[in-house]
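Colleague: Sequence and predicted structure are below.
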Amino acid sequence: MLKFDIEKQTGLMRAGVIHTPHGDIKTPAFVGAATRASVKAITNAEMRELGSQAILANTYHLILAPGPELIEQAGGLADFTAWHGPTFTDSGGFQMLSLKDAKIDHDGVTFKSHINGDKIRMNAEISMQAQWQIGADIHMAFDQAIDSKDKNEVEKAMRRTHDWLPRNIKEHNRLAELAKTAGKPEQYLYAVVQGGLFEDLRKESAEFMATQPVDGYGIGSLYTTETPETANMIKLTNEILPQDRPKHLLGMGSEPRDLFIGAMYGCDTFDCVAPTRQARNGALYTPHGRINIKNAKYRTQFSPIDPDCDCYCCKNYNAAYLHHLYKVDEITGKTLASIHNERFVVRICEQIRQSILDGTFEALMHDFMVKYYHEQNV
RNA sequence: GCUGGGAUAGCGAAGUGGUCAAACGCAUCAGACUGUAAAUCUGCCGGCUUCGGCCUUCGUAGGUUCGACUCCUACUCCCAGCA
């Protein structure tokens, strides 16, 4: 069983520590998205320096290249990437939603490789085997991600996810036995809750998942907290799931508020591609909202993006330089901006964690929301 | 000096009598970007606008025509070849 200590809990919200074979994760924490075993534009040394505690890679992408066998040969994801810290893998379930050429059936899914058109078959067993070879500390069960208003579709995806979970667990346990015999480090399994934005389905999914012998939970198929329903779904889900196990809010963090709302309702870890993707495209986070560094007004701003930010970018470079790098499309610009945004979300989580321990979360959240979104009611 | 080719919006470049404020590309300006097919996508891109249109443009000046970026004349400048 994955060791998870809760240091302080207030309602659903808590600060804790997840103990993985590759190190501890102090929660709440933002996990860097390293889809193809790399956080885009940032080295792992830089990730460590900016305070990132863990990274998350994607099983689908690593099956395509370089293949799970190769990562196993390299000694597993942590050694392969020279990250050496805690790692997660996503199951590939999200690609059923994000890839157009995904054909889903009762057993699993067939993808058409976006690289060469090859057929890629995935199901619970295949995902588990690949994840064990890749060797991240924490695996996601193979689920069906969905983003739909059609209740029938959402329910279908949920039923499939429920049907697949015992297969995930069985295969995971089989592989765990093999690993144990071989003297390899333990790896852990999170089940993924589905149900979209339908309260009854969410409840049903959470209740089902709560009874399952897994190490933690991923909360799936929620994509933004801009709508109150989403926040409510997180709350409702975590009220049902066992308190003593860690919860990961899958893929949510395109807006900083997602982290506050997620933490408030009991999520311990987060991952999202938004900070790095948006950085690459010139959108940078500041305490006063998002800015576009490519805007003409930054041409002559000889002060940092955010003078109060402690990231490598803000401590060393001014906005005018960053603006220039974007205008001439120099890769260093993307690196600096990615470091900045990644540090921004990591730091938010650090602040959230501290505020939970200090009992000042509400003040922190209120202050952030007012400054970032210029909202009075939060 | 002669011969031939050319001059179109910030740049490059289509258009060769009406459907042209003018394709397309780049640049500019702005917007978006959920478990990353994403260093990507979208919009704008002569001026004004009550968003329906109105006005001024295709080297310069004239002309032909109901109508010209498109045809004619002269001029200016570029490029190539010949002297």
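Modeller: Now that the structure is in, tell me what you want to look at.

Colleague: any idea how far the nearest residue to residue A:98 once chain neighbours are set aside is from RNA strand B?
Modeller: Closest residue to residue A:98 apart from its sequence neighbours, by CB to CB, 6 or more residues apart in numbering: residue A:145 at 7.9 Å. C-beta coordinates here come from the backbone N, C-alpha and C atoms, glycine included. According to CB to the nearest atom of the strand, to the nearest Å, residue A:145 stands 2 Å off from RNA strand B.

Colleague: contacting residues for residue A:145?
Modeller: A:93-94, A:96-98, A:157, A:194, A:220-221 (CB atoms under 8 Å, 6 or more residues apart in numbering).

Colleague: Low-confidence stretches in the stretch 1-150 of chain A?
Modeller: Within the stretch 1-150 of chain A, no range satisfies pLDDT under 70.

Colleague: So which residues on it come close to RNA strand B?
Modeller: Within the stretch 1-150 of chain A, the positions lying close to RNA strand B (CB under 7 Å from any atom of the strand) are A:33, A:35, A:39-41, A:56, A:58, A:61, A:90-91, A:93-95, A:97-101, A:114, A:140, A:143-147.

Colleague: Identify those among those that sit within helices.
Modeller: The helices, defined by DSSP state H, take in A:61, A:95, A:97-98 from those.

Colleague: most surrounded residue in those?
Modeller: residue A:95 (21 neighbours; other CB atoms under 10 Å).

Colleague: quick revisit: from residue A:288, how far out is the residue nearest to residue A:98?
Modeller: Per CB to CB, to the nearest Å, residue A:145 is found 33 Å from residue A:288.

Colleague: quick revisit: are any of the residues of the stretch 1-150 of chain A next to RNA strand B buried, and which?
Modeller: Neighbour-count burial (16 or more other CB atoms under 10 Å) is assigned, among those, to A:33, A:35, A:39-41, A:56, A:58, A:61, A:90-91, A:93-95, A:97, A:99, A:140, A:143-146.

Colleague: Among those, name the ones in strands.
Modeller: Mapping these onto strands (DSSP state E) picks out A:33, A:56, A:58, A:90, A:140.

Colleague: Just name the closest of these to residue A:364, please.
Modeller: Using CB to CB, residue A:33 comes nearest to residue A:364 of these, at 24.4 Å.

Colleague: If that closest one is in a bridge, with which residues?
Modeller: Beta-bridge pairing of residue A:33 under DSSP bridges involves residue A:56.

Colleague: right, and it touches residue A:39 too?
Modeller: Yes: Residue A:33 is within contact range of residue A:39, at 6.7 Å (criterion: CB atoms under 8 Å).

Colleague: hmm, the longest helix belonging to chain A touching RNA strand B?
Modeller: If you go by DSSP H, chain A has its longest helix at helix A:151-181. No: counting by CB under 7 Å from any atom of the strand, RNA strand B has no neighbours in helix A:151-181; the shortest distance is 8.4 Å.

Colleague: what helices or strands is that helix leaning on?
Modeller: Packing partners of helix A:151-181 (3 or more CB pairs under 8 Å, 6 or more residues apart in numbering; DSSP states H and E): helix A:124-134, strand A:188-193, helix A:199-210.

Colleague: Could I get the average pLDDT for it?
Modeller: Averaged across helix A:151-181, pLDDT comes to 97.

Colleague: So for it, what gets flagged as buried?
Modeller: Buried residues in helix A:151-181 (16+ other CB under 10 Å): A:154-155, A:157-162, A:164-165, A:167-169, A:171-172, A:175-176.

Colleague: Can you give the distance of that helix from its chain's centre?
Modeller: Counting by CA atoms, centre = their mean, to the nearest Å, helix A:151-181 is centred 20 Å from the centre of its parent chain.

Colleague: Equivalent analysis for stretch A:242-258, please.
Modeller: Using CA atoms, centre = their mean, the distance from the centre of stretch A:242-258 to the centre of the chain it belongs to is 8 Å.

Colleague: What's the end-to-end length of that stretch?
Modeller: Length of stretch A:242-258, first residue to last, CA to CA, to the nearest Å: 22 Å.

Colleague: Can you pull up the most central residue in chain A?
Modeller: Per CA atoms, centre = their mean, the C-alpha nearest to the average position across chain A is that of residue A:271, at 1.8 Å.

Colleague: quick one, what contacts that one?
Modeller: A:30-33, A:56, A:88, A:90, A:248, A:250-251, A:253.

Colleague: Tell me which helix or strand it sits in.
Modeller: Here residue A:271 sits within strand A:269-272, counting by DSSP states H and E.

Colleague: Neighbouring strands of that strand in the sheet, and parallel or not?
Modeller: In its sheet, and by DSSP bridges, strand A:269-272 pairs with strand A:29-33 (parallel), strand A:247-249 (parallel).

Colleague: can I get those strands in JSON lines with distance to residue A:18?
Modeller: Compiled in JSON lines, the strands paired with strand A:269-272 are given as follows (distance: least, CB to CB, whole Å):
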{"stretch": "strand A:29-33", "distance to residue A:18": "8"}
{"stretch": "strand A:247-249", "distance to residue A:18": "10"}
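
Colleague: Out of those strands, which is the most enclosed?
Modeller: Comparing these on average neighbours per residue, with mean count of other CB atoms under 10 Å, the densest one is strand A:247-249 at a mean of 29.

Colleague: Report whether the helix or strand that that one is followed by contacts RNA strand B.
Modeller: Next in sequence after strand A:247-249, counting helices and strands by DSSP H and E, comes helix A:256-264. No: using CB under 7 Å from any atom of the strand, we find that helix A:256-264 stays clear of RNA strand B, coming within 8.9 Å at best.

Colleague: got a list of contacts for helix A:256-264?
Modeller: Here helix A:256-264 has contacts from A:12-13, A:28, A:30, A:224-225, A:231, A:234, A:249, A:252-253, A:270, A:272, A:285, A:344-345, A:348-349, A:352, A:356, A:361, A:365, A:368-369, A:372-373, using CB under 8 Å, 6+ apart.
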